[in-house]
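[1] My questions are about this predicted structure, shown below with the sequence.
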Amino acid sequence: KAGVTQTPRYLIKTRGQQVTLSCSPISGHRSVSWYQQTPGQGLQFLFEYFSETQRNKGNFPGRFSGRQFSNSRSEMNVSTLELGDSALYLCASRGVSSSYNEQFFGPGTRLTVL
Amino acid sequence: GENVEQHPSTLSVQEGDSAVIKCTYSDSASNYFPWYKQELGKRPQLIIDIRSNVGEKKDQRIAVTLNKTAKHFSLHITETQPEDSAVYFCAAYTSNTGKLIFGQGTTLQVKP
């Protein structure tokens, strides 16, 4: 099976702009989670989508939003970018069963806000 | 809210020594505890995990222990090798919220 893929891998934006990141999960996985990774804050949970519905949300402002399509691909959008949004954005997919199981991470999108 | 504390933040050991990383979680409903290894510039990869109905799990040189009463879990790496050098993250999954919360990470350096 192909792994989790993310596009683009690198992105440079300026303050005030918006950005959309894409994540394609492993075939058959219906859950996609997004994380923000920064040197100071580690891996912080943004949100999780399952069957096109947001199941959980972390403590991020409303500028961060996402969606999931019927093929389980997910997009994350950040509006009105701030310098502090510079980070590695990781998505992860997992199959869903009665008990929690492993998340597989994508390679990430490195976002730089100037 | 849910929280996972991880210590130490950095750890340096000599090749062949053991390394121990400890985590504490806040939500007693947490029932799944994975450990991820992230090498520089790469994605996090699962190295071992444990569920709340198990006290210890071992896979070759790595082992994880869980103390549900104290809400502690630890990663043990024996006979460390330079290729073990990476950032290690613990995490706790809580059924109530459906969230996987990560610790802050431990940078492990294994000196040859």
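    The structure has been received and is ready for your questions.

[2] so what pLDDT did residue 81 get?
    You didn't say which chain, so I picked chain A. Note on residue A:81: pLDDT of 97.

[3] Correction: the question concerned chain B.
    Value listed for residue B:81 in the pLDDT field: 97.

[4] swap in the one 5 residues further on?
    Model confidence at residue B:86, expressed as pLDDT, equals 96.

[5] What of residue A:100?
    66.

[6] Tell me where the chain has strands.
    Defaulting to chain A. Ranges of strands within chain A are A:5-7, A:10-13, A:19-24, A:31-38, A:42-50, A:53-57, A:64-68, A:74-78, A:87-94, A:104-105, A:109-113, based on DSSP state E.

[7] switch to chain B, that's the one I care about
    For chain B, the strands defined by DSSP E occupy B:4-7, B:10-14, B:19-25, B:30-38, B:45-51, B:56-59, B:62-67, B:72-77, B:86-94, B:99-102, B:106-111.

[8] looking at these, which is closest to residue A:58?
    For the strands of chain B, the distance to residue A:58 is smallest for strand B:99-102, at 7.3 Å, taking CB to CB. No exception for glycine: its C-beta is placed from N, CA and C like everyone else's.

[9] Turn the strands of chain A into a markdown table, including mean pLDDT and distance to residue B:63.
    A markdown table is the format used below for these (pLDDT from 0 to 100; distance: least, CB to CB, whole Å):
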| stretch | mean pLDDT | distance to residue B:63 |
| --- | --- | --- |
| strand A:5-7 | 97 | 32 |
| strand A:10-13 | 97 | 37 |
| strand A:19-24 | 98 | 32 |
| strand A:31-38 | 94 | 26 |
| strand A:42-50 | 91 | 23 |
| strand A:53-57 | 90 | 30 |
| strand A:64-68 | 97 | 36 |
| strand A:74-78 | 98 | 34 |
| strand A:87-94 | 94 | 24 |
| strand A:104-105 | 92 | 23 |
| strand A:109-113 | 97 | 34 |
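
[10] Now tabulate the ones you listed in TSV and tack on mean neighbour count and distance to chain B.
    Shown next, in TSV, are the strands of chain A (neighbours: other CB atoms under 10 Å in any protein chain shown; distance: least, CB to the nearest CB, whole Å):
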stretch	mean neighbour count	distance to chain B
strand A:5-7	16	9
strand A:10-13	13	12
strand A:19-24	20	12
strand A:31-38	22	7
strand A:42-50	21	4
strand A:53-57	14	5
strand A:64-68	19	15
strand A:74-78	21	16
strand A:87-94	24	7
strand A:104-105	21	4
strand A:109-113	18	10
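
[11] Could you dump the ones you listed into a markdown table and include distance to residue B:95?
    Shown next, in a markdown table, are the strands of chain A (distance: least, CB to CB, whole Å):
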| stretch | distance to residue B:95 |
| --- | --- |
| strand A:5-7 | 28 |
| strand A:10-13 | 35 |
| strand A:19-24 | 24 |
| strand A:31-38 | 14 |
| strand A:42-50 | 13 |
| strand A:53-57 | 12 |
| strand A:64-68 | 21 |
| strand A:74-78 | 22 |
| strand A:87-94 | 14 |
| strand A:104-105 | 20 |
| strand A:109-113 | 30 |
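
[12] give the contact list for residue A:111.
    A:11, A:12, A:13, A:19, A:21, A:78, A:85, A:86, A:87, A:88, A:89 (CB atoms under 8 Å, 6 or more residues apart in numbering or on different chains).

[13] List the beta-bridge partners for residue 74.
    In the absence of a named chain, chain A is used. Beta-bridge pairing for residue A:74 (DSSP bridges): residue A:23, residue A:68.

[14] hmm, I had chain B in mind actually
    According to DSSP bridges, beta-bridge pairing links residue B:74 with residue B:22, residue B:65.

[15] With that, I have no additional questions.
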